[in-house]
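> take a look and give me a structure for this.
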Amino acid sequence: MRKLVSIATGLGLAALLAGCGHGGMDRTRPDEFAVARQAPLVIPPDFALTPPRPGAARANDVSPNAQALDALFGGKSARSASESATIDAAGAEVADPGIRSAVGDPGTAVVDKGSTTRDIVAAPEGDGQDARAATANP
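Purely as a prediction, here's the structure:
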């Protein structure tokens, strides 16, 4: 009797396990990562508008990329008092908008970092297999 119960239990478990096969996994379903929300339909307040051109993008439609960025980073929001104080302390109102063009100017004063920096900048490109390190004191 005990043997019969264990055999029946084993067969029942085997039948349940067989039901977990690929049978339910082969169904066709939409890709949940490719779904984008459509803007709701809006009835315009003025019916004298010109109809849209075929194939033209909607004027008030936000792209899915912009929606994703807003969802991830919260979109544009007002700065907090501490952020505004930090930016003001850094001198945001006196920043030169053309500073990037002045940096590459030959008349700009630069600090000489020595021959080591020149050697690093002038080093040939490569994968580094032939690179050697040398120290001044052995």
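
> hmm, who's touching the worst-scoring helix or strand of the chain on mean pLDDT?
Across the helices and strands of the chain, mean pLDDT, DSSP states H and E gives its lowest value to helix 99-103, namely a mean of 73. With Cβ atoms under 8 Å, 6 or more residues apart in numbering as the test, helix 99-103 has contacts from 96, 108. For the C-beta atoms, the positions are set from N, CA and C on the backbone; glycine is no exception.

> please repeat the previous calculation with a cut-off of 7 Å.
Thr108 (Cβ atoms under 7 Å, 6 or more residues apart in numbering).

> for that helix, C-alpha coordinates in CSV please.
Provided in CSV are the C-alpha atoms of helix 99-103 (Å, rounded to 0.1, in the frame of the first residue of the first chain):
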residue,chain,number,x,y,z
ILE,A,99,35.5,80.7,-22.5
ARG,A,100,35.9,77.6,-24.6
SER,A,101,37.2,79.6,-27.6
ALA,A,102,39.6,81.5,-25.4
VAL,A,103,41.2,78.4,-24.0
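
> in this structure, which helix is the longest?
Using DSSP state H, we find that the single longest helix of the chain is helix 2-18.

> do you know the pLDDT at Ile7?
Looking at Ile7, its pLDDT reads 93.

> equivalent analysis for the one 3 residues further on, please.
With respect to pLDDT, Gly10 scores 92.

> now the strands: where do they sit in the protein?
Remark: no strands are assigned in the chain by DSSP state E.

> follow-up on the earlier one: which parts of the least confident helix or strand of the chain are buried?
Buried residues in helix 99-103, counted by 16 or more other Cβ atoms under 10 Å: none are found.

> give me the low-pLDDT residue ranges for this protein?
The model of the chain has pLDDT under 70 over residues 21-27, 44, 127-128, 131, 133, 137-138.

> now do the helices in it.
All helices of the chain, identified by DSSP H, fall at 2-18, 64-73, 81-89, 99-103, 115-122.
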